[in-house]
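Undergrad: Quick one: sequence and predicted model below, then my questions.
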Amino acid sequence: MRKNLIKINNFKWEIPKETNPLMRVPGIIFASERLISETEEQAFTQVINSASLPGIVKASIAMPDIHFGYGLPIGGVVATDWETGVISPGGVGFDINCGVRLMKTNLFLKDIKGKEREIVNSLYRHIPTGVGSTGSLILSHNELKEVLKKGARWAVERGYGSPEDLEFIESNGSIPDANPEKVSTKALERGRDQLGTLGSGNHFLEVQFVEEIYDEKIAKALGLEKNMITVMIHTGSRGLGHQVATDYVAILGNAMKKYGINVPDKQLACAPINSKEGRDYFEAMSASANFAWANRQIIMHWAEEAILKALGISKSSLGMKLIYDVAHNIAKKEEHIIDGKKRIVAVHRKGATRAFPPGNPEIPKKYQEIGQPVIIPGDMGRYSYLLTGVKEAMEETFGSSCHGAGRVLSRHQAIKRAQGRSIISELEKEGILVRASDKETVVEEMPEAYKDVSLVVDSIVGASISKKIAKMKPIVVIKG
Amino acid sequence: MFSVFFTTADAGIRVEADSLEGIFSDSAKGMFFLMTEKEIINFEVERDLYVESHDMDFLLFQWLSELLYISETEKIIFGKFDILELEENSIKAKCFGERLSQSSVKRLIKAVTLHNLHISRHNNKWKVEIIFDL
């Protein structure tokens, strides 16, 4: 498949529509030559497979962090016509609304020097992490349905964070189309004790500092300064979202015959958006997305409490403020201009982040002149980035950007590479304290298991899809 | 018989058996091995399971997904499966396992994927490959 790639420019590649008779549109990949050369062959096949989805418009798109997933590749963006197209759980992923939020504080590097151990221990005590982690919030099915309906607002109404946080969350932390009645009892059962939990794998909470600022004006508008302490949370909808995705892959897989749909990969099971099955999935997926926003809202609140306790300072001295919260596994109903005409589409972003430009009505008033913040986590040993949306992304990628570094080593390769080493001690020497419920997770997630996220960000900037604002380096990390 | 393999982001199992029943039983064993990295030999818990689907590949996907659901909500890891009935669209089985402690789970399986999941038969051997979302 790689041989079918045509270089459009240094950061844009095309897989022509003629490559495969199943393709309804071409494939477009935004990446440097180096990242393209490091991408697995199967990921290109997945770009081609995704191009076969009925109702797909413009192109099957992939971001520079493209890698082999299932259904869409990770880093895939597909928009389908809202009236005539399909919706696919394989275009969203199992961890619905896996996403990232970034907070700033009033503190600087010097303010927490020597107190890192207290901070990591306090965070670890306050926030449930790890495989099968359950929280202190055990909800009845009826209460859980309220969470699914209201999202982050549910958490704010119960004292987690403040009402002004909601403005700084994608979709204000609550998609109105959410319908808890479309979420199975099994999914509710999996979610009832998982609200306010981080989970395991690549999910994390980091205390970081701003190491570098690339755009002073925008950083100032966001309230960021060099050496300022920030906090980043990466988690999703936990078992509830995984179950919703599993349920609907089976339901839509069964319905395809009825609608005369054939897809080259069963994981791309889909149904017309305008069908009962398609609508049900959209409403259940939106409800799961709301659960994830409530989850990150609650974890943010506990992170604030944990840091306050560790440092023994007042809430106003800490001054923790939400900069933004973005989803990177989701399908959204959005209006885009395609071939000069306004069209409503379902934008599937799987391992891709919404990145709307200045002036877009969907982004907070405070950010109208600078564009939507786009949060790109890296690995726990190097750095993460903050970008903002630009107008070119609306034309090229349905207002989407990359989502992270992407693995370069399998978990097994990482374990082999780490033999005889203590990754935790190595990171400590670099000034990064890590606590995790399982040492093996730290090994599987070690920095060299990931691509250097700066390569991904440089490709995004090179392709004019987002603007680089700041780089944050981790100091304290908790993991599952 | 199963073997574990790793993709860049996830992991999977390759299963080979003399019968379709063996495919369902060994796939489940493989999934719990991937999760715990140990053989489950203590069968203190027993669950009856009945799963339906529209074809055999989806049935395997739903069978494993159902076991994952029970494992997560009831905190059980399974190691032995008596397949009582297996049709094109349904499976009935008795599943045996042990209570799960957090330390016995090495790796969270978020979900079973359908990517490349296709049960095939070659020279009286049944084969399938399953990738899990980790």
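TA: Yep, it's here.

Undergrad: which parts of stretch A:253-270 are buried?
TA: A:253-256, A:261, A:263, A:265-270 (16 or more other CB atoms under 10 Å in any protein chain shown). For glycine as for every other residue, the C-beta is placed from the backbone atoms N, C-alpha and C.

Undergrad: Now the residue nearest the centre of chain B: phi and psi?
TA: When CA atoms, centre = their mean is applied to chain B, the residue found nearest the centroid is residue B:28 (1.9 Å). Note on residue B:28: backbone dihedrals following degrees, to the nearest 10 are phi -70, psi -40.

Undergrad: From the buried residues of stretch A:253-270, list the ones also adjacent to chain B.
TA: Among these, the ones lying near chain B by CB under 8 Å from any CB of the partner chain are A:253-254, A:265-267, A:269.

Undergrad: of these, closest to residue A:435?
TA: residue A:267 (34.9 Å; CB to CB).

Undergrad: Quick check, the closest one in contact with residue B:113.
TA: Yes. Counting by CB atoms under 8 Å, residue A:267 does reach residue B:113; the two are 5.7 Å apart.

Undergrad: Turn the buried residues of stretch A:253-270 into CSV, columns for distance to residue A:26 and pLDDT.
TA: CSV is the format used below for those (distance: CB to CB, whole Å; pLDDT from 0 to 100):
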residue, distance to residue A:26, pLDDT
A:253, 27, 95
A:254, 31, 95
A:255, 28, 97
A:256, 24, 96
A:261, 21, 97
A:263, 18, 95
A:265, 18, 94
A:266, 24, 94
A:267, 22, 94
A:268, 18, 97
A:269, 23, 97
A:270, 20, 98
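
Undergrad: Next step: these restricted to helices.
TA: Among the buried residues of stretch A:253-270, the residues falling in helices (DSSP state H) are A:253-255.

Undergrad: nearest residue to residue A:90 other than its sequence neighbours?
TA: Spatial nearest neighbour of residue A:90, excluding adjacent residues (CB to CB, 6 or more residues apart in numbering or on different chains): residue A:71 at 2.4 Å.

Undergrad: Now do that neighbour against residue B:113, distance only.
TA: Distance check for residue A:71 against residue B:113: by CB to CB, to the nearest Å, it reads 8 Å.

Undergrad: repeat for residue B:126
TA: 20 Å.

Undergrad: which one of these two has more residues nearby?
TA: residue B:113 (26 against 19; other CB atoms under 10 Å in any protein chain shown).

Undergrad: Quick check: that one touching residue B:132?
TA: Yes. Contact criterion CB under 8 Å: residue B:113 and residue B:132 qualify, at 6.6 Å.

Undergrad: Touching both of these two, which residues are there?
TA: Taking CB atoms under 8 Å, 6 or more residues apart in numbering or on different chains as the contact rule, residue B:113 and residue B:132 both touch residue B:10.

Undergrad: residue contacts, the residue nearest to residue A:90?
TA: By CB under 8 Å, 6+ apart, the contact set of residue A:71 is A:46, A:49-50, A:88-91, A:93, A:265, A:267-268, A:350, B:113, B:115.

Undergrad: Give me the nearest residue to residue A:369, chain neighbours excluded.
TA: In space, residue A:369 is closest to residue A:358, 5.5 Å off (CB to CB, 6+ apart).

Undergrad: Which residues are in contact with that neighbour?
TA: A:367-371, A:389, A:391.

Undergrad: repeat for residue B:57
TA: Counting by CB under 8 Å, 6+ apart, residue B:57 has contacts A:266, B:114, B:117-119.

Undergrad: Residue 2: how many residues sit nearby?
TA: Looking at chain A here, since you left the chain open. 13.

Undergrad: That was the other one, I meant chain B.
TA: Neighbours of residue B:2 (other CB under 10 Å): 21.

Undergrad: thought it was touching residue B:33?
TA: Yes. Shown here, residue B:2 and residue B:33 form a contact pair, counting by CB under 8 Å, at 7.2 Å.

Undergrad: what do those two both touch?
TA: residue B:13.

Undergrad: which residue packs closest to the closest residue to chain B within the stretch 351-480 of chain A, ignoring adjacent ones?
TA: Nearest residue of the stretch 351-480 of chain A to chain B, counting by CB to the nearest CB: residue A:410, 3.6 Å away. Of all residues not flanking residue A:410 in the chain, residue B:6 sits nearest, at 3.6 Å (CB to CB, 6+ apart).

Undergrad: which residues in chain B form helices?
TA: Under DSSP H, chain B gives helices at B:20-36, B:56-74.

Undergrad: my guess is residue B:8 contacts residue A:67, does it?
TA: Yes. Applying CB under 8 Å as the test, residue B:8 and residue A:67 come out as touching, 5.7 Å apart.

Undergrad: Between these two, which has more neighbouring residues?
TA: Counted by other CB under 10 Å, residue B:8 and residue A:67 do not tie: residue A:67 has more neighbours, with 25 against 20.

Undergrad: check which helix or strand covers that one.
TA: Using DSSP states H and E, residue A:67 falls within strand A:60-70.

Undergrad: what are the pairing partners of that strand, and which direction each?
TA: Applying DSSP bridges to the sheet, strand A:60-70 is found paired with strand A:27-30 (parallel), strand A:72-81 (antiparallel).

Undergrad: Up against chain B, what does the stretch 201-350 of chain A have?
TA: So far as CB under 8 Å from any CB goes, the stretch 201-350 of chain A lies against chain B at A:201, A:239, A:242-243, A:245-246, A:249-250, A:253-254, A:257, A:265-267, A:269.

Undergrad: which of those sit farthest apart?
TA: A:201 and A:257 (34.4 Å).

Undergrad: contacting residues around the residue nearest to the centre of chain B?
TA: Contacts for residue B:28 were tallied using CB under 8 Å, 6+ apart; they are B:63-64, B:67, B:78, B:81, B:95.

Undergrad: and if we set it to 7 Å?
TA: Residue B:28 makes contact with B:64, B:67, B:78, B:81, according to CB atoms under 7 Å, 6 or more residues apart in numbering or on different chains.

Undergrad: same check, this time on residue A:163
TA: Applying CB under 7 Å, 6+ apart, the residues contacting residue A:163 are residue A:156.

Undergrad: Residue A:34 now?
TA: residue A:455 are the contacts of residue A:34 under CB under 7 Å, 6+ apart.
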